[in-house]
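In: okay, here's the prediction I keep looking at, along with the sequence it came from:
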Amino acid sequence: MQCRRCGFENTPDQRRCFRCGTILVADATVAILPPRMARWKRPLRRLSRAIRLLLGDRFDLYKGSEGPAAPRTRRRTIRLDRYSSWLAEMAIGLIPGLPYLINGQVRQVWPLLLAWLAFVGIGALCYATAVGFVALGLAIAIHAWLIIRRRIWATLKTVPERLVTTILLAVLLFILYLLVRPLVAPDISFVRTRISIPAMQIFEGDVLVVRSPARIPVRGMLVVVRQAAVGFDQTTGQTIRLPGTGLGQVIGLPGELVELHSDRFRVNGVELDTSKYPVPQRLKGLHLSTRLGHGQYFIALNYHSDIIADNPSLTANTCTVEGGRITGNVFMRWWPLWRRGRIGLD
């Protein structure tokens, strides 16, 4: 007896096909009662059944309509059921394509799922850049449409309803997408540099990856320094604070003598290579000399402050940083893509 499903030739007394397990009948026809499911699909079927049992009727949106003469309590119940069904659909749809997978409708949306995966991949590859933000925005738009198109869109009768619902869902997904990176890599952040170090292939405007907390600083390491009070303005008597955190390069270590002459750094009398230890723009033309104490580091910070730039002694104070103010260190070039790689120190 030949199986019409797979073409395997079975013995006449076979009730099921030996190859695919399809039920056979006496006249050599195939009975689909129902067709045998592939093994890899069985866990998905059990998951679908469990979700349906958990959500009950709320997973299926209300499809009927009530006329104007319907009782007010009945209309209110229908409206509540409608909103609860929306919430159930949106909650399951937070995993892109899951509602379609549960209901066996993946074939209807597989191009959208592939596009979503492509944009998410580009967004992750180019994160913290304009290209990455545009790609993630398109991924969010596709994700919102996947949630709305299956059942919610048909229940929205007016253009304002559709517009407001789509915008609110896109904003919610945008917030959730922003929370993914801190959850996946809480110790990683991105910063755009204002300094150029040719020896490290780092130039102004590059995006760098910062690790927190910082490792023990060594000479040449790029570190992030948090805001701190640096002195008083003699004219106003107010405390001067640096504007936010800053990115700088470690020049001097505790106990060393750091000097700046002719736009070159000297440490304990030894002149440093300007291609590896460049002088920030705001320090050029100044003559500094400072002895670092215990736990202090000399960090070339490129803050933009007229008050600090006009006062050389105050400038030296801003470069002398306590170790506790160093919150992170740079370990990787992230953007541009063709210069991406880890930053090594000699």
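Out: Cool, got the structure. Numbering: from 1, shown residues only.
In: quick check: mean pLDDT of stretch 189-198?
Out: Averaged over stretch 189-198, pLDDT sits at 87.
In: distance between that stretch and the chain's centre?
Out: Centroid separation between stretch 189-198 and its chain, computed with CA atoms, centre = their mean, to the nearest Å, is 20 Å.
In: got the buried residues for it?
Out: Of all the residues in stretch 189-198, those buried under the rule 16 or more other CB atoms under 10 Å are 189, 190, 191, 193, 194, 195, 196, 197. Where you see a C-beta, it was placed from the backbone N, CA and C, and this is true even at glycine.
In: which two of those residues have the greatest separation?
Out: 189 and 196 (20.9 Å; CB to CB).
In: all helices of the protein, in order?
Out: Secondary structure of the chain (DSSP state H): helices at 42-55, 72-93, 98-102, 106-125, 130-147, 153-155, 159-184, 306-309, 312-319.
In: which regions of the stretch 51-200 of the chain lie under the pLDDT threshold?
Out: 51-84 (pLDDT under 70).
In: per-domain residue ranges of this structure.
Out: Listed domain ranges for the chain are 1-36, 44-184, 191-342 (source: automatic domain parsing).
In: in the stretch 201-346 of the chain, which spans are strands?
Out: 207-211, 222-225, 229-232, 239-241, 246-252, 257-261, 264-267, 270-271, 288-291, 296-301, 320-322, 326-335, 341-342 (DSSP state E, counting those that start in this stretch).
In: okay, those strands in a markdown table with mean pLDDT next?
Out: Compiled in a markdown table, the strands of the stretch 201-346 of the chain are given as follows (pLDDT from 0 to 100):
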| stretch | mean pLDDT |
| --- | --- |
| strand 207-211 | 92 |
| strand 222-225 | 90 |
| strand 229-232 | 50 |
| strand 239-241 | 54 |
| strand 246-252 | 89 |
| strand 257-261 | 90 |
| strand 264-267 | 92 |
| strand 270-271 | 91 |
| strand 288-291 | 86 |
| strand 296-301 | 88 |
| strand 320-322 | 85 |
| strand 326-335 | 91 |
| strand 341-342 | 90 |
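In: including mean neighbour count and distance to residue 135, could the ones you listed go into TSV?
Out: TSV is the format used below for these (neighbours: other CB atoms under 10 Å; distance: least, CB to CB, whole Å):
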stretch	mean neighbour count	distance to residue 135
strand 207-211	20	15
strand 222-225	24	27
strand 229-232	14	41
strand 239-241	13	37
strand 246-252	23	26
strand 257-261	18	44
strand 264-267	18	41
strand 270-271	10	46
strand 288-291	15	45
strand 296-301	24	33
strand 320-322	19	37
strand 326-335	20	14
strand 341-342	9	22
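In: include distance to residue 147 when you put those into CSV, please.
Out: Formatted as CSV, the strands of the stretch 201-346 of the chain follow (distance: least, CB to CB, whole Å):
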stretch, distance to residue 147
strand 207-211, 32
strand 222-225, 38
strand 229-232, 49
strand 239-241, 46
strand 246-252, 40
strand 257-261, 58
strand 264-267, 57
strand 270-271, 62
strand 288-291, 59
strand 296-301, 46
strand 320-322, 48
strand 326-335, 31
strand 341-342, 38
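In: could you pull up phi and psi at the closest residue to residue 203 other than its chain neighbours?
Out: Leaving aside its sequence neighbours, residue 203 sits nearest to residue 196 (CB to CB, 6 or more residues apart in numbering; 4.7 Å). In terms of degrees, to the nearest 10, the main-chain angles of residue 196 are phi -120, psi 130.
In: next: residue 193.
Out: Dihedral angles of residue 193 (phi, psi; degrees, to the nearest 10) stand at phi -90, psi 150.
In: surely it and residue 205 touch.
Out: Yes - using CB atoms under 8 Å, residue 193 is in contact with residue 205, at 7.2 Å.
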